[in-house]
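Novice: structure of the sequence below:
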Amino acid sequence: MTSSEIRQAFLDFFHAKGHTIVPSAPIVVKDDPTLMFTNAGMNQFKDYFLGNKLPPFGRVADTQKCLRVSGKHNDLEEVGVDTYHHTMFEMLGNWSFGDYFKKEAISWSWELLTEIYKIPRDRLYATVFEGDKKENIPASTIALTKWKEYLPDDHIVFGNKKDNFWEMGDTGPCGPCSEIHVDCRPDDERKIIPGQSLINKDHPQVIEIWNNVFIQFNRLKDGTLEPLPATHVDTGMGLERLVRVIQGKQSNYDTDLFTGTIAATERITKKKYNPDLLESENSQKSDRAAVAFRVIADHIRAISFTIADGQLPSNTGAGYVIRRILRRAVRYYYSYLDYKKPLLTQLVPVLAKQFEQVFPELLQQEDFVCKVIKEEEEAFLRTLDKGITKFNERVQLNKDQMLPGDKTQKSIDGVTAFILYDTYGFPIDLTQLLAKEIGWEVDMERFQTELGKQKDRSRAAGTVDAEDWIILKEGSNQFVGYDSLEARASILKYRKVKAKGKEAYQIVLDTTPFYAESGGQVGDTGWLEIGGSTIEVIDTKKDNDLIIHFTESIPVDLSGTVTAKVDAAKRKNTELHHSATHLLHAALRKIVGNHVAQKGSLVNKEHLRFDFSHFAKVTAEEIAQVEALVNEKIRENIPVVIKEMKKNEALKLGAMALFGEKYGDAVRVVIMDRDYSVELCGGTHVGATGELGLFKLTGETAVAAGVRRVEAVCGKQAEDYVLEQTGLLNNLREVLKNPKDIQKAVENLQAENAELKKHVDVLEARQLVIIRNELLQKDEIINGINFIGDIVEVSNADALKKLCFDLKNHLRDHVAVLCVNIGGKPFVAVGISDTVAHAKNLDAGKIIKDLVAPLIKGGGGGQKTLATAGGQDVSNLMQVIEAVKKLL
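Specialist: Residues are numbered from 1 along each chain as shown. Purely as a prediction, here's the structure:
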């Protein structure tokens, strides 16, 4: 069976068992503060398990794009080294929401694996939870009894809480699980060592392929467990491992899920993949090449699908994770396949074609994804070159400081290795590889210490400590804010949270007019009135589909009726900018081109920010045309029509759906003239475009490869902006003595300034020649070395560097230290001839940092033969000269 047939057989099997087949959620998570990426099939159903939302179906099945690279599921460094770990993978899953439970789930698992997929029964093993006396959790006797119907006792393995009790997180739904493992070893090996002894022992040929989780408890903040009112089934089977077993391969990478990408990599790099080679401590470069092929085949999937789902590489958060994955792939082909130009971008079309039937979003955005990846690769290839230069500089410095026969310096210190890693994005294992090639080592203990400090800082900054929810009453969470800015409600539950040392409260109402941050629109603020008290709502956010109100305090009595009031002025200005965003999006597509697609947005009361796919700067002419078209639509006062309909109907109507957004069967469609703007949108909007008044673009810039950003204001904010700009223009006119043509006056001023600067440069050059000649007269010989030290009078610090360069042309073996006081600030330059630097082992940069900077209370740096510093204390300039002089 091909991988496509295996995937379809799973979906067909569970459809026949009464399951509704649902599409994969985006791999990038937007409305769950606990996740950056979908890391399990159950993520999109989390609200059903938590009881925040009623499931529309009792039984569901799907194939879900997942990504595991950080946190609890940190598999990144193992990817490519072994045969079965991946960053992005497909999770086949079937779920029961209060419907069937352990007996049916196990029975259907066995039926699918043995009767549909024809996996030999004697190769299958099952694990069963043995119970936990400490927590008083009983063993899974129902699961054990059911498995005994299919498997002999020596194929059933009891697992402890670590292996066979699944938990969503520190708190929340959880329960025992039953894993299915398969022994893929040759028969002769199976006779010698029974598979039972290799379960969950990380054996590459005895692997878990399916996990049946039986959710029946809720973990509280204090660690105790309480039974859930309804029990659920959550199963997950990795497609990559399943395909490997069915296709009889020894590695996931030998299946048709990866062979196409590996073959394309072979063709591009003109290198051959040898699947028998695995990395070890004694691996040769040729062995590592095999790992490189696997890393590339895996990582291109994670990179491509996350970008297609809307997550661009960046230096923070989820974007940094993607950049890390991409750079790991680049480093492997750069180092082990000797390929020095962008490779990953050439593989995107192969991947897009392979997945066009199951995940078509990649093919639909192929050009955009290719462009983003190519620019990221080019940037990191430059970084690698820069990092290698920095590495070589450090090696040379250590060699210069090394005494004859001294081997202690044949090491790259951990701080330097960390700076290469953290500042320059230079991978630590590449630093180790470069060091190994010259017989050196890297101080990994110190590197790990520095890395640990960084992780601690990041963890402290991002940690949110949430207490258990205190439930006051059962009920659902309903949003009424489209129609009203005020509502009477009851508090369903609340909890205290702590982040960055500050305490706050989260409150959930049964009915709320507060819009929760979503789709680029900020959350509402306002007030909750209860029992004579008024508390301020400082933000509103979503946790999946649960609307949460953030407050800094809570009233003593929470049992009464709540009057929830939204800040109407803020909401109105936010709505203006949201509706303007729709008009802007449509105008960009008409003026700039139909390839324009939204890649991000921010809508608040002050302004709007809109990111979109485009590969060049938007011209001034295009900006003017876009602005004119939006204002034309405002003057037309087009009614904003909002309808709810089936998603398929909306798409037939021409509605734009955003990649990476999760839509249900029923969607909300915002229409501003059917021939102009039709979008799927859950945000709040004005009644007619005329309410916007005026629209003004305020900026355009690049934010990422293939992505531009425009910012704009409308309504009163646009009026204020125009008044501000007009005021600046009038002030400028007055400063220029009210010329008839203000542009011509500025151009004349610029030309005059350029001409005067030329004269100044000529005069400065003459002055520096005079100063240089005076300095040469002050030259003194110390131990055979020419030394010049003086406080000079120049107009800028750059002149000190010019003087040092000039002295180099007139003196052979010399050291110069020149100082200047500019407006009460000291500046120092140290110049050393190459011969003296080598013979006396002197380093201008080190002298500046260690000797000069402390004396002038400043800082600086530079090269071995020329370095500069600036500071705060001018009183020690003579001491600076004497201190450098003493070195000779």
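Novice: what residue ranges in this structure score low on pLDDT?
Specialist: 31, 33, 70-75, 277-286, 400-409, 458-464, 659-660 (pLDDT under 70).
Novice: show me where the stretch 201-350 of the chain has strands.
Specialist: Secondary structure of the stretch 201-350 of the chain by DSSP state E, counting those that start in this stretch: the strands cover 206-219, 225-238.
Novice: show me what the last one packs onto, helices and strands only.
Specialist: Identification of packing neighbours for strand 225-238 by 3 or more Cβ pairs under 8 Å, 6 or more residues apart in numbering; DSSP states H and E yields helix 46-50, strand 88-97, helix 102-111, strand 172-183, strand 206-219. For every residue, glycine as well, the C-beta is placed using N, CA and C.
Novice: those: which one's closest to Phe447?
Specialist: strand 88-97 (28.5 Å; Cβ to Cβ).
Novice: how far away from the center of its chain is the closest one?
Specialist: 24 Å (Cα atoms, centre = their mean, to the nearest Å).
Novice: likewise for stretch 196-216?
Specialist: 31 Å.
Novice: cool, stretch 842-858 as well?
Specialist: Worked out by Cα atoms, centre = their mean, stretch 842-858 lies 39 Å from the chain centre.
Novice: on that earlier part again, nearest to Arg267, of the helices and strands packed on strand 225-238?
Specialist: Between those, strand 88-97 lies closest to Arg267; by Cβ to Cβ that is 22.7 Å.
Novice: neighbouring strands - and their directions - for the closest one?
Specialist: strand 59-67 (antiparallel), strand 225-238 (antiparallel) (DSSP bridges).
Novice: and those: which comes nearest Tyr482?
Specialist: strand 59-67 (28.3 Å).
Novice: quick one: the closest one to helix 102-111, angle?
Specialist: 60 degrees (axes from the mean of the first three to the mean of the last three Cα atoms, to 10 degrees).
Novice: mind listing the helices for the stretch 701-850 of the chain?
Specialist: Along the stretch 701-850 of the chain, the segments classed as helices by DSSP state H, counting those that start in this stretch run 716-735, 742-777, 798-808, 834-839, 844-847.
Novice: nearest to Glu90, of the ones you listed?
Specialist: Nearest to Glu90, of these and by Cβ to Cβ, is helix 716-735 at 46.0 Å.
Novice: so what does the closest one touch, helix or strand wise?
Specialist: Right, helix 716-735 is packed against helix 568-591, strand 695-704, strand 707-714, helix 742-777 by 3+ Cβ pairs under 8 Å, 6+ apart.
Novice: possible to save these as CSV with mean neighbour count and distance to Pro275?
Specialist: Listed next are these as CSV, based on neighbours: other Cβ atoms under 10 Å; distance: least, Cβ to Cβ, whole Å:
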stretch, mean neighbour count, distance to Pro275
helix 568-591, 22, 47
strand 695-704, 17, 36
strand 707-714, 22, 38
helix 742-777, 12, 65
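Novice: for the ones you listed, which one sits closest to Asp843?
Specialist: The nearest among these, by Cβ to Cβ, is helix 742-777 at 22.3 Å.
Novice: what's the angle from that closest one to helix 716-735?
Specialist: Using the same axes, to 10 degrees, helix 742-777 lies at 60 degrees relative to helix 716-735.
Novice: centre of the chain to helix 742-777, how far?
Specialist: 48 Å.
Novice: and the gap between the residue nearest to Pro194 when sequence neighbours are not counted and Leu326?
Specialist: Take Pro194 and drop its neighbours on the chain: the residue closest to it by Cβ to Cβ, 6 or more residues apart in numbering is Asp154, 6.8 Å away. Separation of Asp154 from Leu326 (Cβ to Cβ, to the nearest Å) stands at 46 Å.
Novice: show me which of the two is the more surrounded one.
Specialist: Per other Cβ atoms under 10 Å, whichever of Asp154 and Leu326 has more neighbours is Leu326, with 24 against 11.
Novice: that one contacts Arg301, doesn't it?
Specialist: No. Under the criterion of Cβ atoms under 8 Å, Leu326 makes no contact with Arg301, lying 11.8 Å away.
Novice: circling back to that earlier point, tabulate the helices and strands packed on strand 225-238 (a markdown table), appending mean neighbour count and distance to Tyr253.
Specialist: Compiled in a markdown table, these are given as follows (neighbours: other Cβ under 10 Å; distance: least, Cβ to Cβ, whole Å):
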| stretch | mean neighbour count | distance to Tyr253 |
| --- | --- | --- |
| helix 46-50 | 21 | 32 |
| strand 88-97 | 25 | 13 |
| helix 102-111 | 19 | 26 |
| strand 172-183 | 23 | 18 |
| strand 206-219 | 22 | 14 |
